[in-house]
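1. sequence first, then the predicted structure, then my questions.
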Amino acid sequence: MGAAQEAVRGREVSWLVTGSGGMLGTDLLARLEEAGFKDVLAPRRDELDLTDAGAVSAALRRHRPSVVVNCAAWTAVDDAEAREDEALAVNGTAAQALAAGCAGIGARLVHVSTDYVLDGTGTEPHPEDA
């Protein structure tokens, strides 16, 4: 068994990557493939609407990934200010749904942010409302 197949809390690692069509998601998928991970699910936006908490929960229960990496985000800053409700649905509500769904199945959640939000100088975990 190679390093890429090591266990996370006693089970084979499986991944669910959101935002897989964006720059970060595309790069992450390439790295996972290079590392030899075979069990990677990368649903497109039309396959999993992250703003639908019920769909998120159902997908997580169905696929039961070990790790979820949220690369999905509303990244157009000016557009987000003009369309605040839609941006919040993607960048806030969807992240909350992923966190709740991961907690429900015991999956690890990695939520990626940018220096527009957190500047990287912190030395301790940030609270949700930081």
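-> Noted; the coordinates are in hand.
2. shouldn't N91 be in contact with W74?
-> Yes - the criterion here is C-beta atoms under 8 Å, and N91 meets it with W74 at 5.2 Å. The C-beta positions use only the backbone N, C-alpha and C, and glycine is treated the same way.
3. list residues touching both of the two?
-> A80 (C-beta atoms under 8 Å, 6 or more residues apart in numbering).
4. so for this structure, the centremost residue is which one?
-> N70 (1.4 Å; C-alpha atoms, centre = their mean).
5. list the residues that contact it.
-> So N70 contacts 18-19, 94-95, 98, 109-112 (C-beta under 8 Å, 6+ apart).
6. okay, and which of the residues you listed map to strands?
-> 18, 109-111 (DSSP state E).
7. in the helix or strand harbouring R62, what's buried?
-> Following DSSP states H and E, one finds R62 within helix 53-63. Across helix 53-63, burial judged by 16 or more other C-beta atoms under 10 Å covers 53, 55-57, 59-60, 63.
8. packing partners of that helix?
-> Of the remaining helices and strands, those touching helix 53-63 by 3 or more C-beta pairs under 8 Å, 6 or more residues apart in numbering; DSSP states H and E are strand 15-18, helix 94-105.
9. next, the angle helix 94-105 makes with it.
-> 40 degrees (axes from the mean of the first three to the mean of the last three C-alpha atoms, to 10 degrees).
10. show residues contacting helix 53-63.
-> Taking C-beta under 8 Å, 6+ apart as the rule, helix 53-63 contacts 14, 16, 41, 43, 48-50, 68, 93-94, 96-98, 100-102, 104-105, 107.
11. from those residues, keep the buried residues only.
-> 14, 16, 41, 43, 48, 50, 68, 93-94, 97-98, 101-102, 107.
12. save the helices and strands packed on helix 53-63 as a markdown table, and put in distance to D85 and mean pLDDT too.
-> Below are these laid out as a markdown table (distance: least, C-beta to C-beta, whole Å; pLDDT from 0 to 100):
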| stretch | distance to D85 | mean pLDDT |
| --- | --- | --- |
| strand 15-18 | 20 | 96 |
| helix 94-105 | 13 | 95 |
